[in-house]
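Enquirer: Turn this into a model:
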Amino acid sequence: MKLVAGMALAGVLLLASGAHAAGAATAPDALVRSTVDEVLAVIKKTKDPKALVELAEKKVVTHFDFRTMTRLAMGRSWAQANSAQQQALERAFRTLLVRTYTTALSQTTAESKVDVRPVTMKPGDTEVVVTTFASEAGRKPIQIDYRMARTDGSWKVYDVVVENLSLVINYRGSFQSEISRSGIDGLIRTIEEKNKKLAEG
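Expert: Down below sits the predicted model:
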């Protein structure tokens, strides 16, 4: 699931990166379609981890609902965390997702492609699923569904489903196991340790 999660996040951030440039009123699938080629072209120019982190920070942070994603990944344990713990969890999980994303980007090849399927929306819809297929030469395309919600006039990603596997639900299992062993503070420490290892390469 680790590799798939990385590929999913790469796609998620490609998707999210178009929101600012294209405008909040643009349909989610149009955002993806209008920006994916441009972003793929940019990330193929460099494999430098620092540059990839900068790309992720500039293109994604304001268009990604990290708090909702963290809350969903925590499940029932979210309500048991105090405000400071919730903030620490969101910060650590956000860093983990960005680090995982940049690792996936470093493995991107010139043959990487993303096929975006049209989305049918009704006026007033506030949630939507954008279906895409990520593919590389010699590999079977992977279906990646992006769950997005419209909040304050803009679309934000709050979950990713890769071949029927939800990213937040996948993390929920490992989070609950760690909480059972060492509590919420223990989970925060574990995520922060993973982030340090990822940063060190």
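
Enquirer: Can you list the residue ranges for strands in this structure?
Expert: Ranges of strands within the chain are 113-116, 127-135, 142-151, 154-162, 165-166, based on DSSP state E.

Enquirer: tilt between the second one and strand 142-151?
Expert: Read that as strand 127-135. 150 degrees (axes from the mean of the first three to the mean of the last three C-alpha atoms, to 10 degrees).

Enquirer: got the buried residues for strand 127-135?
Expert: In terms of neighbour count (16 or more other C-beta atoms under 10 Å), strand 127-135 has its buried residues at V128, V130, T132, A134. Glycine gets a C-beta too; all of them are placed from N, C-alpha and C.

Enquirer: quick check: mean pLDDT across it?
Expert: Taken as a whole, strand 127-135 carries a mean pLDDT of 86.

Enquirer: Name the single longest helix found in this protein.
Expert: Longest helix of the chain, by residue count under DSSP state H: helix 167-200.

Enquirer: Tell me which of the strands of the chain sits nearest to I179.
Expert: strand 165-166 (18.7 Å; C-beta to C-beta).

Enquirer: Work out the sheet partners of that closest one and label each with its direction, please.
Expert: strand 154-162 (antiparallel) (DSSP bridges).

Enquirer: any idea how far V98 is from S154?
Expert: According to C-beta to C-beta, to the nearest Å, S154 and V98 sit 19 Å apart.

Enquirer: Likewise for R117?
Expert: Here the criterion is C-beta to C-beta. By it, R117 lies 26 Å from V98.

Enquirer: The two: who's more crowded?
Expert: Neighbour totals were compared for R117 and V98, and V98 leads with 22 against 14 (other C-beta atoms under 10 Å).

Enquirer: My guess is that one contacts V53. True?
Expert: Yes: counting by C-beta atoms under 8 Å, V98 does reach V53; the two are 6.7 Å apart.

Enquirer: about what we covered before: buried deepest among the strands of the chain, which one?
Expert: Between the strands of the chain, strand 154-162 has the highest mean count of neighbours, a mean of 21, where neighbours are mean count of other C-beta atoms under 10 Å.

Enquirer: Report the inter-axis angle for it versus helix 167-200.
Expert: Using the same axes, to 10 degrees: strand 154-162 against helix 167-200 is 90 degrees.

Enquirer: Now strand 154-162 - C-alpha only, CSV.
Expert: Taking C-alpha atoms only, strand 154-162 is exported to CSV below (Å, rounded to 0.1, in the frame of the first residue of the first chain):
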residue,chain,number,x,y,z
SER,A,154,-13.1,26.2,-3.3
TRP,A,155,-12.6,22.5,-4.0
LYS,A,156,-10.3,20.6,-1.6
VAL,A,157,-9.2,16.9,-1.6
TYR,A,158,-10.1,15.1,1.7
ASP,A,159,-9.6,11.4,0.7
VAL,A,160,-8.1,9.3,-2.1
VAL,A,161,-9.3,5.8,-3.1
VAL,A,162,-6.8,3.7,-5.0
